[in-house]
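*Asks:* Could you look at this predicted model? Sequence included:
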Amino acid sequence: MSLAPYGCDPASSRGRLHPEDERVQRGPRDVFQRDRDRIIHSVPFRRLRGKTQVFVAPDGDHFRVRLTHSLEVAQIGRTLARSLGLNEDLTEALCLAHDIGHPPFGHAGEDAIHAAMAPAGGFDHNAHTLRVLTRLETPYPRFDGYNLTWETLEGLAKHNGPVADPTWALAEVDADFPLDLASWPSLEAQVAAIADDIAYDNHDIDDGLRSGLFTLDDVLEVPLTRRCWDEVRARYHDVPDERLTGELVRHQIGVMANDLLAETRRRIAEASPASPDDVRGAKRALAGFSPEMAAEERQLKRFLYARMYEAPPLQLVRTRAQALIAALFSAYCEDPSRLPEPRQRTSNDRTTTLRAIGDYIAGMTDRFAIKSHEQWVGPAELPEGF
């Protein structure tokens, strides 16, 4: 499908912060394809295989982790982008990179790092994604970071909408390469954000059923899921329930994606954007669910929060994981020489030290955080199974 006028054209990119030698071209790729490939080949992307999505990575080979989640988001995002005439490569790059800033143990780890870094401005995983990709990683000889295009960095910074009050980490990135934080992002970024919602809403049903945190009868109390189940059951009336949970998840993804496409096309027709900048200048998101689907999706999220994310077994893991990260952070604060030498700071500035420690811990996988705790603090006490 050809690129729509409101899709991001790589030939019209606002470019990269650091000029690159155009004589060095590794294959016939445009700038967004190269961004995507830089992300796929990056160390932070590989580390996502060892970071919690919902369940702690050392347990449960069949549960999602950040890496598999990101791949599922990218699959959904590419499909949506193709249907809307958007740039698939930029959308895929945003989907693949959106969770790179997550620390070990998911949101529990983030909360612990944020608390420990409060005197230094706190911690936010989305801003940390930008920090990792522009400052902390040094894979190239002449500049820090991956030197991604403006459109990729903008989409990662604003995929949830305009940013009125950026955190210190995002403000530093924006100061170097202004990302127009007060405007809406491209449609590629908006689609990537909703692909994230569609992916985890549905794969968390699959993981929740697999883990035994809730039953099929429980989740069928959610109107959207009940409606999708009835449609699946009507097609496969002679198949046992246990063979249909995968089909339920697939069907619900399709229902949500089709609603998103219809509503987004309606909004595009109403706004008539003639360029990506028209999308950025709109007064609202142009990609989104219909009001009816948005209400149903909120009901599903409420169920998942009550029966999965805040379930007692997971809350126990969350509490123990937060304590582990807090103790590990304290150990590095007591003796910063415990940090690997490239991350040690000779400055006596407390903010610099706290941020260096936060950067290091946020890059850890679950297993490496446990190993580091055992080295500097003592045995880690995490419940088995989740």
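*Replies:* Nice, I can see it.
*Asks:* is it true that residue 111 touches residue 322?
*Replies:* Yes: under the criterion of C-beta atoms under 8 Å, residue 111 makes contact with residue 322 at 6.1 Å. Every residue, glycine included, has its C-beta placed from N, CA and C.
*Asks:* Residue 285: which element?
*Replies:* Assigned by DSSP states H and E, residue 285 belongs to no helix or strand.
*Asks:* count of residues packed around it?
*Replies:* Residues contacting residue 285 under the criterion other C-beta atoms under 10 Å number 18.
*Asks:* shift numbering so it begins at 32
*Replies:* Let's use 32 as the start, then, which means that last one is residue 316.
*Asks:* for it, what are its contacts?
*Replies:* Residues near residue 316 by C-beta atoms under 8 Å, 6 or more residues apart in numbering: 192, 215, 221, 298.
*Asks:* which residues touch the first one?
*Replies:* Taking C-beta under 8 Å, 6+ apart as the criterion, residue 192 is in contact with 215-216, 316.
*Asks:* From residue 247, how far out is the residue lying farthest from the centre of the chain?
*Replies:* Within the chain, residue 269 marks the point farthest from the mean C-alpha position, 38.7 Å out by C-alpha atoms, centre = their mean. Noted for residue 269: a distance of 17 Å to residue 247, by C-beta to C-beta, to the nearest Å.
*Asks:* Tell me the one of the contacts of residue 192 nearest residue 243?
*Replies:* residue 316 (36.8 Å; C-beta to C-beta).
*Asks:* check contacts around residue 253.
*Replies:* Residue 253 neighbours (C-beta under 8 Å, 6+ apart): 327, 330-331, 334.
*Asks:* Now restrict those to buried residues only.
*Replies:* Buried by 16 or more other C-beta atoms under 10 Å: 327, 331, 334, out of those.
*Asks:* Leaving out chain neighbours, which residue sits closest to the first one?
*Replies:* Which is residue 327. Distances taken as C-beta to C-beta, 6 or more residues apart in numbering place residue 255 nearest to residue 327, at 4.0 Å, with adjacent residues excluded.
*Asks:* so that neighbour is in which element?
*Replies:* helix 254-266.
*Asks:* Extract the CA atoms of that helix and return them as CSV.
*Replies:* What follows is helix 254-266, C-alpha atoms only, in CSV (Å, rounded to 0.1, in the frame of the first residue of the first chain):
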residue,chain,number,x,y,z
PRO,A,254,-18.6,-7.8,28.4
LEU,A,255,-16.1,-7.5,25.6
THR,A,256,-14.6,-10.9,26.2
ARG,A,257,-18.0,-12.5,26.7
ARG,A,258,-19.1,-11.1,23.3
CYS,A,259,-15.9,-12.4,21.6
TRP,A,260,-16.3,-15.8,23.3
ASP,A,261,-19.9,-16.2,22.1
GLU,A,262,-18.8,-15.4,18.5
VAL,A,263,-15.9,-17.9,18.8
ARG,A,264,-18.2,-20.5,20.4
ALA,A,265,-20.8,-20.1,17.6
ARG,A,266,-18.1,-21.0,15.0
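*Asks:* Show me what counts as buried in that helix.
*Replies:* For helix 254-266, by 16+ other C-beta under 10 Å, it's 255-256, 259-260, 263.
*Asks:* buried ones in whichever helix or strand comes after it?
*Replies:* Where DSSP H and E defines the elements, the next helix or strand beyond helix 254-266 is helix 276-302. Neighbour-count burial for helix 276-302, counted by 16+ other C-beta under 10 Å, picks out 276, 278-280, 282-284, 286-288, 290-292, 294-295, 298-299, 302.
*Asks:* Report all helices and strands that helix 276-302 contacts.
*Replies:* Contact here means 3 or more C-beta pairs under 8 Å, 6 or more residues apart in numbering; DSSP states H and E; on that basis helix 276-302 packs against helix 97-115, helix 218-242, helix 254-266, helix 322-335.
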